[in-house]
Every structure is written in C-alpha cells, then in structure tokens.
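can't give you the sequence, but here's the structure:
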Ligand SMILES: O=P(O)(O)OC[C@H]1O[C@](O)(CO)[C@@H](O)[C@@H]1O
C-alpha cells in the first residue's frame, strides 16, 4: 500500500515528506480553502506542493460541464508533470475524464460512493478512483464495507487497455478518519490510502513502542553509569 497525504498545508506536506514514506498528495477545494489561500494563488500553491512531493499530486477541477472540466484539467496538468486532475464522478466528469485520459492526462475520479460509479470511472480511463470511507460512516453506513466492494469489483478486471500509458487503475481509500481505516483498507487490498496529517501521526504511534523505548533508554543509562 502507498500513502498519500490528504492536505493542502505546505508545512504538513514538508514534514510528512521528510519521513520518507510519502508517495503523493491529494487536495480538494475544502483543503485549499483551509489554508486561507486565494483563487489567484491556487496554481502557484499546487506548484509548491509538486516541488516538495516526488509523486502524484491531485488538484481538483471545480467546473461542472465537460468542456470546462477539460479546460481546467489541461491548465492544472500544465502546472507540473506530477499533477493528477481530480474530477467528480458524475456524467460530465466521466466525459471529461475520457477526453483528458485520451490526451495523456491522469485523472483521479473523486466523490465515488458505489461500485457502479467506480466501474464507470475505470472504463472512462481514470488512473485513480477515490471511494470515500468516512462520509459513509458519517451517515451511519459502513464505509469500509463499501470500500471493500469497490476494491473487489475493480480487481476482478483489467482496465489498463484504456488508461494513460496502460497503467493499472489504482484505488485510493479516501475520507480516511482513523489508523484503523488504514489497517482495514490495506487488508482488503486498496492500493493507496490518502490520510490527513493527524491520522498519519497516529499511524506511527503505539503505546508498546513508547514503553519499549523508555525501558531501552533507562537500561542504556545503567550501562553508561556501570
Ligand atoms: O470526508 P473528508 O474527510 O472531508 O474527506 C474527503 C476526501 O475527499 C477527497 O477529496 C477525495 O480524493 C480527499 O481529498 C479526501 O480524502
């Protein structure tokens, strides 16, 4: 499994990248708004992220028609070679994804909540598909169960005949709220988990690691004083 950081915060991205395990970043309009950034600085901001991260950086189109999404997508893709255009899973989004994929521009289809949506995204040439986990939990449904269905259904077939460079479509477990979401996503075979920085920090922690470290340090002190 690969990890993407789900944020537009440059400090968090720099910190997570320095840990050596980061494979990419996903942003969305909400995450960019949270940085306090202006519309006029959006492309520069994505460029800064692309300079920090050696891997795919998803930047979302907020357009609603296929022509506008394609225009947006082309502009976003021109920012840096590692930009992936994020497109919502809807009719206009599917049509735009087909055009962008045919032009060699990788697309991450987002706001995916069902197996049929995921299959259509894969057929339209999406390079990544982002089924949401936490937002199902928010409405008292089981997000992990929904994710497992998408992972299984997409894994049953080969979609590489219609993706950019014939690369395999990858499933990004999105809307991740806990380290357990990551564990379960990895067990079911999701390719990538995109996690907020708070979850990434929790992933590295374990009380037994802390306790073990503490006793090693105390014993090492005894060695030094012997
Ligand atoms: O439900 P949340 O925590 O807002 O997460 C939304 C998800 O949508 C995305 O835009 C999907 O790629 C991710 O950035 C994020 O994981």
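Everything's here; your move. Keep in mind that what you see is a predicted model, and the values were worked out from it rather than measured.

need phi/psi at the residue nearest the centre of the chain.
Nearest to the geometric centre of the chain sits residue 194, at 3.8 Å (CA atoms, centre = their mean). Per-residue torsions, residue 194: phi -100, psi 120 (degrees, to the nearest 10).

that one bridge partners, please.
Assessed by DSSP bridges, residue 194 has beta-bridge partners residue 4.

so residue 83 makes contact with residue 50?
Yes - counting by CB atoms under 8 Å, residue 50 is a contact partner of residue 83 at 6.4 Å. For the C-beta atoms, the positions are set from N, CA and C on the backbone; glycine is no exception.

next, show the common contact partners of those two.
Common neighbours of residue 83 and residue 50 (criterion: CB atoms under 8 Å, 6 or more residues apart in numbering): residue 57.

the two: who's more crowded?
More crowded of residue 83 and residue 50, by other CB atoms under 10 Å: residue 83, with 23 against 19.

quick one: contacts for the more buried one?
Applying CB under 8 Å, 6+ apart, the residues near residue 83 are 46, 50, 56, 57, 58, 59, 76, 77.

ok, the second one to the ligand distance?
When you say that, I think you mean residue 50. Distance, residue 50 to the ligand, by CB to the nearest ligand atom, to the nearest Å: 16 Å.

can I get the contacts of residue 83 in CSV including secondary structure and pLDDT?
What follows is the contacts of residue 83, written out as CSV (DSSP: H, G, I helix; E, B strand; the rest coil; pLDDT from 0 to 100):
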residue, secondary structure, pLDDT
46, helix, 98
50, helix, 98
56, coil, 98
57, strand, 98
58, strand, 98
59, strand, 98
76, helix, 98
77, helix, 98
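
of those residues, grab the buried ones for ChimeraX.
Buried residues among the contacts of residue 83 (16 or more other CB atoms under 10 Å), as a ChimeraX selection:
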select :46,50,56,57,58,59,76,77
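
quick check: residues of this protein near the ligand?
For the chain, the residues in contact with the ligand under the definition CB under 6 Å from any ligand atom are 6, 26, 28, 110, 130, 132, 134, 135, 174, 175, 194.

now for these: which two are most distant?
Across these, the longest distance by CB to CB is 14.6 Å; it joins 26 and 135.

more neighbours, the two?
More crowded of residue 26 and residue 135, by other CB under 10 Å: residue 26, with 26 against 16.

how about the more buried one, what does it touch?
4, 5, 6, 57, 58, 86, 108, 130, 172, 174, 194.
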